[in-house]
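A.B. asks: The following block contains a protein sequence and its predicted model.
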Amino acid sequence: RLVRGLDYYTGLVFEVTSKGLGAQDAVLGGGRYDNLVKELGGSDVPAIGFALGMDRAAKLVKFEKEKSSSARPFIYFIGIGARGETEAIRLTGIMRRYYFEQTHSMSTRPEWIESSLNTKSLKAHLRDADRLESSYVVIVGEDEIAKESLIIREMAGGNQIDVPTNLSDSSKIVFDITSAIRRLIEDRR
């Protein structure tokens, strides 16, 4: 049962809360106060109103920003060698565009699709993906470009598959990556 701290409410009362604010979790609150204007000397006017705590709203925005920036990637693209790095960045863009087309929204960047932008060894890239708690990595290097294939690895179990694809066909790439991930998920069950 919600009880607002003021006695001029006459009916509906409401409160918007957030788990990100701790014990004082109310961000916004209000309700009906049909008799308030009359009690203050005015005419009998039905009313509804609310108050927003700006400091709490600012804390909530900060909390949400931190939460989204710490979101773990679902797919992490790794490029090995100069051509592999370029291809990994291109593939990341393709998957993000696919996300946009499916959701019709880019209001937030799909953090679940990331790529490594460093010139490192495969082992170092995999350590980074593990540290970020990525679910799957897509590995592309000189050999994969030459064979027109991608290596897709499940990070939790270490299972990986070599996925032939047409690197010049964006929709085929999306289909092949998503199908391979589905296959790895099904194999785990």
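C.D. replies: Sure, I can see it. Residues are numbered from 1 along each chain as shown.
A.B. asks: Output the biggest helix by length in the chain as CSV, nothing but the C-alphas.
C.D. replies: The residue-count maximum for a helix in the chain (DSSP state H) belongs to helix 81-103. The C-alpha coordinates for helix 81-103 follow below in CSV (Å, rounded to 0.1, in the frame of the first residue of the first chain):
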residue,chain,number,x,y,z
GLY,A,81,46.4,-9.3,-39.0
ALA,A,82,45.7,-6.1,-40.8
ARG,A,83,43.2,-7.5,-43.2
GLY,A,84,41.5,-9.5,-40.4
GLU,A,85,41.2,-6.4,-38.2
THR,A,86,39.6,-4.4,-41.1
GLU,A,87,37.2,-7.3,-41.8
ALA,A,88,36.3,-7.7,-38.1
ILE,A,89,35.3,-4.0,-38.0
ARG,A,90,33.3,-4.4,-41.2
LEU,A,91,31.5,-7.5,-39.9
THR,A,92,30.7,-5.7,-36.6
GLY,A,93,29.1,-2.9,-38.7
ILE,A,94,27.1,-5.5,-40.7
MET,A,95,25.7,-7.1,-37.5
ARG,A,96,24.9,-3.8,-36.0
ARG,A,97,23.0,-2.7,-39.1
TYR,A,98,21.1,-6.0,-39.0
TYR,A,99,20.2,-5.2,-35.3
PHE,A,100,19.0,-1.8,-36.4
GLU,A,101,16.8,-3.3,-39.2
GLN,A,102,15.3,-5.9,-36.9
THR,A,103,14.5,-3.4,-34.1
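A.B. asks: The very next helix or strand once past it: which residues count as buried?
C.D. replies: Heading C-terminal from helix 81-103, the first helix or strand you meet, by DSSP states H and E, is strand 113-115. Across strand 113-115, burial judged by 16 or more other C-beta atoms under 10 Å covers Ile113, Glu114, Ser115. The C-beta positions use only the backbone N, C-alpha and C, and glycine is treated the same way.
A.B. asks: Quick one: work out the angle between the helix or strand following strand 113-115 and helix 81-103.
C.D. replies: Per DSSP H and E, the first helix or strand lying C-terminal to strand 113-115 is helix 122-131. Angular relation of helix 122-131 and helix 81-103 on a 0 to 180 degree scale: 30 degrees, by axes from the mean of the first three to the mean of the last three C-alpha atoms, to 10 degrees.
A.B. asks: list the helices and strands helix 122-131 packs on?
C.D. replies: Helix 122-131 sits against strand 75-79, strand 136-140, with contacts defined as 3 or more C-beta pairs under 8 Å, 6 or more residues apart in numbering; DSSP states H and E.
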